[in-house]
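Peer 1: Here is my input, please return the structure:
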Amino acid sequence: MEQQILTVSHLKKEYEDHLILNDVDLVVKKGEVVVIIGPSGCGKSTLLRCLNGLEKIQSGSIKLREESIEAEGTNLVQIRQKIGMVFQNYELFPHLTVLDNIMLAPLKVQKREKAAVKEEAQKLLERVGLKDKADSYPRQLSGGQKQRVAIVRALCMNPEILLFDEVTAALDPEMVREVLDVMLELARQKRTMIIVTHEMQFAKAVADRVLFLDEGKILEAGTPEEIFAHPKKERTKQFLNIFEFEAVRNQEVV
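Peer 2: Below is the predicted model:
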């Protein structure tokens, strides 16, 4: 039986009187790649932030294996070490080199031995094609390079699960491919991942399971084939049709 890494039950999240996430249930198994799609403002990024304890929830539960994830919980620092998160805007420290950005958390939070962390960081940088950028500063990197560094930084914590929050949204089109290639390679390595993206072709290629989120609810879930080729819900069809139209229009403009 496949191991369940993450379990979300009846999750509700509100901002003031506005319901952002409404009774969300989700189970993620070890080695599974779950891709979340949906319109802007539907709660995708908020869901990821709840999963990492960055947002306080109003009701329901989130568990990493048997450990509860709570934004104000005493064990949050330890749990966050097991849940890597890569943000849209890199979140790199501008005054630190690439290598120092990657090594900071393993050294300060996990208290690991410096030589071992440095060796692992260098190997990871080599795997994503950035071995020669170890001593560079973020300002000297392209957007795609910064995002690959952010992925390496998350990997160097040896997390059980990786969360990706629209990591290509801030990139120029020519830089998107280099980041998606890294994520595809992680999927081939059977890394457990939850990915929020608007890159539909990438979602088809990388996902084991696709969730369509709308107005704070998971309206439909299934394999990429089921969701993209044979959606059951009218709202899912509507969203995908609009997305296809936008993609075609953008190609015509180019």
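Peer 1: switch to C-alpha atoms for all contacts and neighbour counts from now on
Peer 2: Fine.
Peer 1: any idea of the pLDDT on the residue lying closest to residue 223 once chain neighbours are set aside?
Peer 2: Distance criterion C-alpha to C-alpha, 6 or more residues apart in numbering; nearest residue to residue 223, sequence neighbours excluded, is residue 209 at 4.6 Å. According to the prediction, residue 209 has pLDDT 97.
Peer 1: need the strands for this protein, in chain order.
Peer 2: Shown for the chain, the strands assigned by DSSP state E span residues 4-15, 18-29, 33-37, 59-64, 67-68, 83-86, 161-165, 193-196, 209-214, 217-222.
Peer 1: got the end-to-end distance for stretch 126-135?
Peer 2: This stretch, stretch 126-135, spans 13 Å end to end (C-alpha to C-alpha, to the nearest Å).
Peer 1: can you list the residues that contact that stretch?
Peer 2: Defining contact as C-alpha atoms under 8 Å, 6 or more residues apart in numbering, one finds that stretch 126-135 is touched by 97, 98, 99, 122, 123, 125, 145, 148, 149, 152, 182.
Peer 1: Just the ones in helices from those residues, please.
Peer 2: Mapping the contacts of stretch 126-135 onto helices (DSSP state H) picks out 98, 99, 122, 123, 125, 145, 148, 149, 152, 182.
Peer 1: Next, give me the two most distant ones among the residues you listed.
Peer 2: When C-alpha to C-alpha is used, the two most widely separated members of the ones in helices among the contacts of stretch 126-135 are 99 and 182, lying 18.1 Å apart.
Peer 1: more neighbours, those two?
Peer 2: Using other C-alpha atoms under 10 Å, the more surrounded residue of residue 99 and residue 182 is residue 99, with 22 against 17.
Peer 1: Which residue, neighbours along the chain excluded, lies closest to that one?
Peer 2: residue 134 (4.9 Å).
Peer 1: Counting neighbours, what do you get for that neighbour?
Peer 2: When neighbours are defined as other C-alpha under 10 Å, residue 134 has 18 of them.
Peer 1: Would you mind measuring from the residue lying closest to residue 168 once chain neighbours are set aside to residue 144?
Peer 2: Nearest in space to residue 168, with sequence neighbours left out and distances taken as C-alpha to C-alpha, 6+ apart, is residue 176 at 5.7 Å. Look at residue 176 and residue 144: by C-alpha to C-alpha, they are 7 Å apart.
Peer 1: Need the per-residue pLDDT for residue 244.
Peer 2: 64.
Peer 1: With residue 160 instead?
Peer 2: Reported pLDDT for residue 160: 95.
Peer 1: Residue 191: what's it in contact with?
Peer 2: 30, 31, 32, 33, 161, 162.
Peer 1: which residues does the fifth one bridge with?
Peer 2: What that stands for is residue 161. Under the criterion DSSP bridges, residue 161 forms beta bridges with residue 83.
Peer 1: so how many other residues sit close to it?
Peer 2: The local packing of residue 161 (other C-alpha under 10 Å) involves 26 other residues.
Peer 1: And the first one, by the same measure?
Peer 2: Burial measure for residue 30: 16 neighbouring residues, criterion other C-alpha under 10 Å.
Peer 1: Thought residue 64 was touching it, still the case?
Peer 2: No: using C-alpha atoms under 8 Å, residue 30 is not in contact with residue 64; the gap is 11.1 Å.
Peer 1: got the contact list for the spatially most central residue of the chain?
Peer 2: Centroid-nearest residue in the chain, with C-alpha atoms, centre = their mean: residue 164, separated by 1.3 Å. Residue 164 sits next to 85, 86, 87, 193, 194, 195, 196 when contact means C-alpha under 8 Å, 6+ apart.
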